[in-house]
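> how does the following fold in three dimensions:
(chains A, B, C and D)
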2 protein chains.
Amino acid sequence: MPGGQDKLTRTTVRTITDLARLAGVSPGTVSRALAGKSLVNARTREKIVDLARTHGFRPNQMASGLRRQKTGVIGVAIPLGHDVRQQISDSFFMTLLGLLADELTDKGYDLMLRRVVPDSDPDWLDRFIGSGMIDGVIVIGQSDQFDRIEDVADGYRAMVVWGNHQEGQRHCVVGTDNRLGGRLAAERLIAAGARRLAFLGDTGPMEFAARFAGAQDIAARMGLPPVLALPTHLSPDRASEEIARHIAQAGRAIDGIFAATDTLAALCLTQLRAQGLRVPDDVRLIGFDDLPIARQTIPALTTVRQDIAAGAHGLVDLLLRRLAGESTESLVLPPELAIRETA
Amino acid sequence: MPGGQDKLTRTTVRTITDLARLAGVSPGTVSRALAGKSLVNARTREKIVDLARTHGFRPNQMASGLRRQKTGVIGVAIPLGHDVRQQISDSFFMTLLGLLADELTDKGYDLMLRRVVPDSDPDWLDRFIGSGMIDGVIVIGQSDQFDRIEDVADGYRAMVVWGNHQEGQRHCVVGTDNRLGGRLAAERLIAAGARRLAFLGDTGPMEFAARFAGAQDIAARMGLPPVLALPTHLSPDRASEEIARHIAQAGRAIDGIFAATDTLAALCLTQLRAQGLRVPDDVRLIGFDDLPIARQTIPALTTVRQDIAAGAHGLVDLLLRRLAGESTESLVLPPELAIRETA
DNA sequence: ATTCCTGTTGCAATCGTTTGCAAGATAGTT
DNA sequence: AACTATCTTGCAAACGATTGCAACAGGAAT
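Residues are numbered from 1 along each chain as shown, chains lettered A, B, ... in the order given. Reported below is the predicted structural model:
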């Protein structure tokens, strides 16, 4: 039964040496043949490649990585600083991750995902980099780890970070211009008739702080009272009740809400309705991200769009350039207003 | 300046041999000390561990993996068979992925993510397994690769799959009882007053086919007309117009819609409203998954809950058991009705 | 003093692949 | 016939950590 025999021989060819024996050449030649180097005779190469295919041989990437000092793997770290539980399941990060996987695959890299809790493991970034398992690292979100990332950036070039750009920072970052996004949001709320603005969300993370600051810029410029900060957690369960409380307390004293993310905006919309406030008549509402959910709420959510695909592309592109030795500037993406029904 | 000197020495200690020289012992001893083996003198160990810490030494995992023939990495493959673009950003899979990352991290494993397109790379699973980079593999979704997975399962034990359980299958699977879920959904629609049911979604993937079949079971048992299949793609843009068309065509001929996922249900809700159909008065609607979005729609979505956390836990638990040599049964999780406002 | 433990340590082979160097083969030149 | 070139190939040393085995020290037992 040829099938059985195939299976049998297949299992015996595990190493390049096995294959070499089979082909009657040395391991070195096999290695060169499979790598497609020009130093090996065309007929020999063909024979080897054939044998490799029929026996389902795959070179061991660990050994190869060790010898070549490169692994073909890019690490993706998600630091969970502020709100441990939530962020990794946050739609925005997940979407970005999916797109990153696509981009990296296209470029022939594998992706090693690591969720880290900096509070319980302050050494997370060095550990990841020093593991020898990855050729470079993409950090998704600065969280509250800006300083640590800066420290590492001095001695390690193969790193790109998704996040907010700070004047004079040393690590290479890709991200939306959050402050500008905040301005756009506030301007839109005002154009829709709002005068007393509020910002819904934790202002701790840099990205959010910048969005908040952008809104403040506009409020100040227009001579309006300062934007009221309504802090919340990110996890839906806690956020919901916090939002409910905020609205009950400040509800009629404000007429325009800028939510830090679409997810929060959607929750907010539900709570506003539950407390009898009409959107956008009583309160204008604007989100951030332009996630799919923004089109699905009723009324549909006006929001500030981040171009996630461009972000993923930029992260990978910059990282690969850095791996090739180039030094690269940070990439700041322009946000864009997506006007729908809530403001 | 001690800081500078620190940094300098730090960069020089890259290998276990460097550290050995510094500690005045042999590399073997260092290895044993860092691994916490009992064969090394307590004082020596302490000294070595101290040196390692102050110099920020991290053993190279590639080398370690090569020698020990285990890597500490679990592969997670997401086959994109049916609808290439969408699935990886599908909320359900992303949530599952996040939870898997948590579970694996807890157990001390890293996660290597690979999105594969079986149509363009029929060899995807063997390639992943044979790469030597992973100790085991979790496949998220059988997609249309059931047979290939079955083939591999015969010769490779370190694999667990998220998906649908088939009578007599050979690979170890964790998943919700989709057929039962379909029954629950149909029963609920009927209890809410529906008589002419439709199933919204592609019935190609096994999970969806089982949900559809479950609904058919009930329709047949109750003597109702067969459930109408309304096929759609999964990507939101295409799905939206397809749903609109379905509703325009079949709209008033049906009074109960069972959507294959909450995401589709949410889109459907929007389209129903756009076409002037009231939910649940004119049409009852039920989803599947119980994603966060199910609570955020208006009216809130009735749905069939999958316990994603239990799924992630089960996948990791079974895989680790298999790595330890146990042979394990598949795990079928019971779905649960989450009754809200749409049915 | 000799023998036998027990507890530590070093030595060197090993994991599987890659690659610089040198040797062998073949063809082409004078 | 001798001598270059040009291709191919094999040899063996890496990459860095682990581990079986042997060796050594010091103490206890005889």
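> show me what contacts residue A:40?
For residue A:40, the contact set (Cβ atoms under 8 Å, 6 or more residues apart in numbering or on different chains) comprises A:29, A:32, A:33. C-beta here means a position set from N, CA and C on the backbone, and glycine is covered the same way.
> check contacts around residue A:157.
For residue A:157, the contact set (Cβ under 8 Å, 6+ apart) comprises A:322, A:327.
> which phi and psi does it have?
When read as degrees, to the nearest 10, the backbone of residue A:157 gives phi -90, psi -30.
> distance check, it against DNA strand C.
21 Å (Cβ to the nearest atom of the strand, to the nearest Å).
> same check on residue A:204?
46 Å.
> for residue A:188, same thing?
55 Å.
> give me the distance between residue A:251 and DNA strand D.
From residue A:251 to DNA strand D the distance is 60 Å (Cβ to the nearest atom of the strand).
> what about that residue, how many neighbours?
18 (other Cβ atoms under 10 Å in any protein chain shown).
> same check, this time on the one 4 residues further on
The burial count assigned to residue A:255 is 20, neighbours taken as other Cβ under 10 Å.
> which SS class is the residue found closest to it once you drop the neighbours it is linked to in the chain?
Ranked by Cβ to Cβ, 6 or more residues apart in numbering or on different chains and with sequence neighbours excluded, the top spatial neighbour of residue A:255 is residue A:194, at 4.8 Å. Here residue A:194 is recorded as coil under DSSP: H, G, I helix; E, B strand; the rest coil.
> can you check residue A:126 too?
helix.
> give me the neighbour count for the closest residue to it other than its chain neighbours.
Nearest residue to residue A:126, sequence neighbours excluded (Cβ to Cβ, 6+ apart): residue B:56, at 6.1 Å. Counted with other Cβ under 10 Å, the burial measure for residue B:56 works out to 16 neighbours.
> hang on, residue B:56 in a helix?
No: counting by three-state DSSP, residue B:56 is not found in a helix; it is coil.
> got phi/psi on it?
Residue torsions, per degrees, to the nearest 10, at residue B:56 are phi 60, psi 40.
> and the one 5 residues further on, by the same measure?
As for residue B:61, its main-chain torsions (degrees, to the nearest 10) stand at phi -70, psi -20.
> which residues of chain A lie near DNA strand D?
Contact residues, chain A versus DNA strand D (Cβ under 7 Å from any atom of the strand): A:24-29, A:32, A:38-42, A:44-45, A:63, A:66-67, A:69, A:132.
> do that again at 6 Å, thanks
Neighbours of DNA strand D within chain A, by Cβ under 6 Å from any atom of the strand: A:25, A:26, A:27, A:28, A:29, A:39, A:40, A:41, A:44, A:66, A:67.
> and the furthest pair within the residues you listed?
Greatest spatial distance in these: A:41 and A:66, 28.2 Å, computed using Cβ to Cβ.
> compare the two (neighbour count), which wins?
Counting neighbours by other Cβ under 10 Å for residue A:41 and for residue A:66 shows that residue A:66 has the greater number, 20 against 11.
> ok, now which ones touch that one?
By Cβ under 8 Å, 6+ apart, the contact set of residue A:66 is B:60, B:62, B:63, B:66.
> the last one: which element?
What it means is residue B:66. Assigned by DSSP states H and E, residue B:66 belongs to helix B:61-68.
> show me which residues of chain A are close to DNA strand C?
A:14-17, A:27-28, A:31-32, A:34-35, A:59-60, A:63-64, A:66-68.
> just the buried ones from these?
Using 16 or more other Cβ atoms under 10 Å in any protein chain shown as the burial test, the residues of chain A next to DNA strand C include A:16, A:31, A:32, A:34, A:59, A:60, A:63, A:64, A:66 as buried.
> could you check the pLDDT of residue A:81?
Note for residue A:81: predicted pLDDT of 70.
> what's the answer for residue A:87, then?
We note a pLDDT of 50 for residue A:87 in this prediction.
> quick revisit: pLDDT check: weakest of the residues of chain A next to DNA strand D?
Among the residues of chain A next to DNA strand D, residue A:39 has the weakest pLDDT, 80.
> where does that residue sit: helix, strand or coil?
Assigned with three-state DSSP, residue A:39 falls in the coil class.
> isn't it right next to residue A:32, touching?
Yes: in this structure, residue A:39 is within contact of residue A:32 by Cβ atoms under 8 Å, at 5.7 Å.
> which residues of the stretch 51-200 of chain A fall in helices?
With DSSP state H, counting those that start in this stretch, the ranges of helices along the stretch 51-200 of chain A come out as A:61-68, A:91-106, A:124-130, A:146-155, A:178-191.
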